[in-house]
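Participant: model this:
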Amino acid sequence: MQETIYEKDFSTVFDQLLTKTSVTCYRISEFTHIDQGYLSHLRNGTKNNPGPEIIMKISLALAYYSEKITLHDIERLFRSVGRSIQVN
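Facilitator: Sure thing, here's the model as predicted:
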């Protein structure tokens, strides 16, 4: 059986990390200049599969606002859309 790169859908992982860090979409929007409405759509699953630039901006914002974010958390975000930053 071949292992898939996808962990879960992006909205699930994104929501889990927002909950873990207590960071809001508003704060991520302030840091990244990504529209807060778009971030909310990503969180609730009405939009999915953002590109790597959006994921990296979100990851940087989460890391900036919370010491709880790890490289493995960022890898989970990338894996949720079938990408990887190759953290072992």
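
Participant: check contacts around residue 52.
Facilitator: Residues in contact with residue 52 (Cβ atoms under 8 Å, 6 or more residues apart in numbering) are 78, 83. Heads up, the C-betas are built off the backbone N, CA and C, glycines and all.

Participant: confirm for me that residue 38 is in contact with residue 47.
Facilitator: Yes - counting by Cβ atoms under 8 Å, residue 38 touches residue 47, with 6.6 Å between them.

Participant: any buried residues in the helix or strand hosting residue 37, and which?
Facilitator: Under the criterion of DSSP states H and E, residue 37 resides in helix 36-44. Residues of helix 36-44 classed as buried by neighbour count (16 or more other Cβ atoms under 10 Å): 39, 41-43.

Participant: other SSEs contacting it?
Facilitator: helix 10-21, helix 25-32 (3 or more Cβ pairs under 8 Å, 6 or more residues apart in numbering; DSSP states H and E).

Participant: flag every buried residue along the following helix or strand past that helix.
Facilitator: Sequence order places helix 52-65 as the next helix or strand after helix 36-44, per DSSP H and E. Residues of helix 52-65 classed as buried by neighbour count (16+ other Cβ under 10 Å): 54-59, 61-63, 65.

Participant: same list, these, but as CSV with distance to residue 18 and pLDDT please.
Facilitator: Output for the buried residues of helix 52-65, formatted as CSV (distance: Cβ to Cβ, whole Å; pLDDT from 0 to 100):
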residue, distance to residue 18, pLDDT
54, 15, 96
55, 14, 96
56, 16, 96
57, 14, 97
58, 10, 97
59, 12, 96
61, 10, 98
62, 8, 97
63, 13, 96
65, 10, 96
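
Participant: contacts for stretch 25-33?
Facilitator: For stretch 25-33, using Cβ under 8 Å, 6+ apart, the contacting residues are 18, 34-36, 39-40, 43, 57-58, 60-62, 64-65.

Participant: recalculate using a threshold of 10 Å.
Facilitator: 14, 18, 21, 23-24, 34-44, 53-54, 56-62, 64-66 (Cβ atoms under 10 Å, 6 or more residues apart in numbering).

Participant: buried residues in the worst-scoring helix or strand of the chain on mean pLDDT, which are they?
Facilitator: Every helix and strand of the chain was ranked by mean pLDDT, DSSP states H and E. The lowest is helix 71-79, at a mean of 93. For helix 71-79, a neighbour-count test (16+ other Cβ under 10 Å) marks 73-79 as buried.

Participant: all good on my end, thank you.
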